[in-house]
Each structure stands twice: as C-alpha cells, then as structure tokens.
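**Student:** here is a sequence together with a model predicted from it:
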Amino acid sequence: MNRPSIEIFGTDPSGEPVHIVRLQNGGSQAAIMSWGASLQDYTVRDWEVSVVLGSQDFKTYLGPLVHCGAIVGRVANRIAHGRASLNGQMLELDRNEKGKTCLHGGGGGTSLRNWTIVEAHKTQTVLAISLADGEDGFPGKLEILATYSLDDVGALCLNLRATSDALTFCNLAHHGYWSFAPEDGLQGHHLSLSADSYLPVDDDLIPLGAPADVEGTRFDFRTRRALKRHGDALLDHNFCLREAEGMRRVGRMDYGPMRLDVETDALGLQVYEGAHLNTAQAATHSGVAYGSNAGLAIEPQAWPDAPNHPGYPDTRLKPGETYRQVSRFHAYARS
C-alpha cells in the first residue's frame, strides 16, 4: 500500500477543513498539516516522544503555537519598519509585529493560511499556495510548492519552490521547534553550527549591518557546547553559513543518546531559543505545557531584512526565475 493517511484535523478561521497527511518511512512518522504547510508531528525510531513541538488540538496553532512547524513567508523573519525598496519603488508592507516590523510576510503570510494538498503518498506529500499580487504590500503573484518527504533512514526532507509573475522578494523558511525533552527547557541539549559569523541585532531584532565574528561571543557554536549557559543573552539571530555548493551539514544538536543533524543549501540559519514560548493550558504532544526554551527553532533561510541591506545575499525573485531551497532534518540515536 502506497496510500497515506489523510485526516481532517480541524477547521480554519474561514470555515475550511484543515487536513493532516501522515507519512511513514525508515522507522519515522511525520504528520504534515495543511495549515501553514506545517510539520505537525515527527517521531523517530529509538525515541518515544515527538522531536518537534506541537499539539493535537488545531486551535493551539491559532494561539500560543502560531507559526510552529510552518513554512513562513513570502519573506521570512523581519523587515525593518515594514518598508523595502524594490526597483526604485518604496514598498509599504504590513507592519504586523508591534506596528513596527513586517514579520514572516505580514498578517496574510504563508504560515497563517490553509495550503492545498496537491499530492499525497506514503513517503511524500506536496502542498501549494498562491499569494496575490499586492498582498501585504508585496508585488507579484507568488506560486509556492512545498514538498515534504521521509527518506529511507527516516530523515525529513523539505524542498521549497516558488515563482512570481513580477519582480518581488522571496525568502521562505521552515519554522519548526526541535527538542528531545521539551519539559527540560533545552537543558542538556548541545549545539554546533558551521558558522564563523552572525548578524548582531537591535532591540527590535533587526540586523545592525555587517556580520560579526562569533569568536569570543555567546554565538560561537563552531565547537559543540551547551545551548543554554547561565548569563547567556537571548538567542534569536541569523548565523551566516559557510558558503558551499549544494547541501551541507550546517547544524547538529545532541541530547543524551539522541542527535539532530540539519543540512541545507541556504546561506543563513536563524536560531531562536523559544524564549517566549508559553502554551499555558493548551494541549501539547508531551502532555506538559511548553514554557520558555521548550524548543529550538532552527530555520534555514536567507539573511533577515536583506531588502534593506544591499551587501546581504539577494532575495529578489524575477519573473521566469525559480526560487529554490532544500533542507534535511535527521533525528536519530547516536551509536
């Protein structure tokens, strides 16, 4: 049998059904939700609980777990003052974060929409969404495809594609929260990253300018170290990845016998320690409320606020071009 399990998971704010596609392969199981094209659940061989944060109650994704596991865009992360210049025109974008910044593409972004499931198989599913020209201030009708699959060792692979009929910006990211023990608040988790520099930010988490060397800072993960140490500043920053052709391993998180490897062809990796997570009484996978630092968001993407920093990697997408990003998340027991 190559047919996947497809279920109705809930009802979105417009009254449309939200579906779940369940994938299986290599000893892993993944649940992909049409709302936000989200990784709703991911379990692997040798570990009893989900390795991503989530809930079995859809309403939680409209509240405390907004963006959790979703594809965020059309421009992930923040754009300063909700303004960006494109081809000589100043775009006025939706300032959906505290009235100051455009966050994850605005109030009508991809993580806050119900995608269409266009293909569903036992090991792979494809979801699609179309963003209208002018939506949240961005030009161009943007057509996006997200392909989730489980490979033969149970790793989760994500392939993102997008095209536009007009010059626009495009920077998509998977906003999953990862943890092997969410009740421990990342204690006992260790992280290493293939990044020699990062982007310092202001109080609104907008990059200040040029990348800074991680040497001697809280952001030096070139050698495996504890994720959380006493006195550490907030971790919600873009790491500037070492350039390479194609896929390469850019991150590794360890906890006890378990390990998560992250591979991508993206040039940036936003890492957020989940400082503001708080599900209160909402249902979670573990049955325990998620609090601060319950999970680590590891988000392959382009650099944030790139439209306002000419020296950053270009996030413009022209008609006739195809935006592409591929990432792979492999959670497994260390030998």
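**Tutor:** Thanks, I have it.
**Student:** poorly predicted segments of the stretch 201-335 of the chain, please.
**Tutor:** Low-confidence segments of the stretch 201-335 of the chain (pLDDT under 70): none present.
**Student:** quick one: the strands in it, in order.
**Tutor:** Remark: strands assigned in the stretch 201-335 of the chain by DSSP state E, counting those that start in this stretch are 212-213, 225-226, 236-241, 248-255, 258-264, 268-272, 296-301, 316-317, 323-333.
**Student:** packed most tightly, which of the ones you listed would that be?
**Tutor:** strand 296-301 (a mean of 25; mean count of other CB atoms under 10 Å). Placement of C-beta: from N, CA and C, glycine included.
**Student:** tell me the angle that strand makes with strand 258-264.
**Tutor:** With axes from the mean of the first three to the mean of the last three CA atoms, to 10 degrees as the basis, strand 296-301 and strand 258-264 are set at 20 degrees to each other.
**Student:** in its sheet, what does strand 296-301 sit against?
**Tutor:** In the sheet, strand 296-301 lines up against strand 177-178 (antiparallel), strand 268-272 (antiparallel) (DSSP bridges).
**Student:** rebuild the strands of the stretch 201-335 of the chain as TSV, extending it with distance to Asp151.
**Tutor:** Listed next are the strands of the stretch 201-335 of the chain as TSV, based on distance: least, CB to CB, whole Å:
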stretch	distance to Asp151
strand 212-213	36
strand 225-226	29
strand 236-241	22
strand 248-255	15
strand 258-264	11
strand 268-272	21
strand 296-301	17
strand 316-317	28
strand 323-333	8
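**Student:** so for the residue nearest to Ala76 when sequence neighbours are not counted, what's the pLDDT?
**Tutor:** Nearest non-adjacent residue to Ala76, counting by CB to CB, 6 or more residues apart in numbering: Ala173, 3.6 Å away. pLDDT, Ala173: 98.
**Student:** ok, Ala173 to Gly108 distance?
**Tutor:** 17 Å (CB to CB, to the nearest Å).
**Student:** please say which of the two ends up with more neighbours.
**Tutor:** More crowded of Ala173 and Gly108, by other CB atoms under 10 Å: Ala173, with 30 against 16.
**Student:** what residues are bridge-paired with the more buried one?
**Tutor:** Beta-bridge partners of Ala173, as defined by DSSP bridges: Val72.
**Student:** which residues touch the closest residue to Leu208 other than its chain neighbours?
**Tutor:** Spatial nearest neighbour of Leu208, excluding adjacent residues (CB to CB, 6+ apart): Pro200 at 4.9 Å. Applying CB atoms under 8 Å, 6 or more residues apart in numbering to Pro200 gives the contacts Pro207, Leu208, Gly209, Ala212, His237.
**Student:** contacts only, for the third one.
**Tutor:** To tie it back to what came earlier, the one meant is Gly209. Pro200, His309.
**Student:** phi first, then psi, for Lys122.
**Tutor:** Lys122 adopts backbone torsions of phi -60, psi -30, taken as degrees, to the nearest 10.
**Student:** look up how far Arg3 lies from it.
**Tutor:** From Lys122 to Arg3 the distance is 7 Å (CB to CB).
**Student:** out of those two, which sits in the more crowded spot?
**Tutor:** Per other CB under 10 Å, whichever of Lys122 and Arg3 has more neighbours is Lys122, with 16 against 8.
**Student:** the more buried one and Gln24: what is the separation?
**Tutor:** Applying CB to CB to Lys122 and Gln24 gives a distance of 6 Å.
**Student:** intersection of neighbour lists for those two?
**Tutor:** Here Lys122 and Gln24 have Pro4 as joint contacts, going by CB under 8 Å, 6+ apart.
**Student:** would you confirm that Tyr332 contacts Met258?
**Tutor:** Yes: contact status for Tyr332 versus Met258: in contact at 7.3 Å, counting by CB atoms under 8 Å.
**Student:** overlap in contacts, those two.
**Tutor:** Common neighbours of Tyr332 and Met258 (CB under 8 Å, 6+ apart) are Asp46.
**Student:** which residue packs closest to Leu103, ignoring adjacent ones?
**Tutor:** Distances taken as CB to CB, 6+ apart place Glu97 nearest to Leu103, at 3.9 Å, with adjacent residues excluded.
**Student:** gap between the one you found and His230?
**Tutor:** Glu97 is 30 Å from His230, by CB to CB.
**Student:** look at these two and report which has more neighbours.
**Tutor:** More crowded of Glu97 and His230, by other CB under 10 Å: Glu97, with 17 against 5.
**Student:** and the strands in the stretch 51-200 of the chain?
**Tutor:** 70-72, 78-79, 83-86, 89-92, 102-103, 116-120, 124-131, 142-150, 156-164, 168-169, 173-175, 177-178, 189-193, 195-198.
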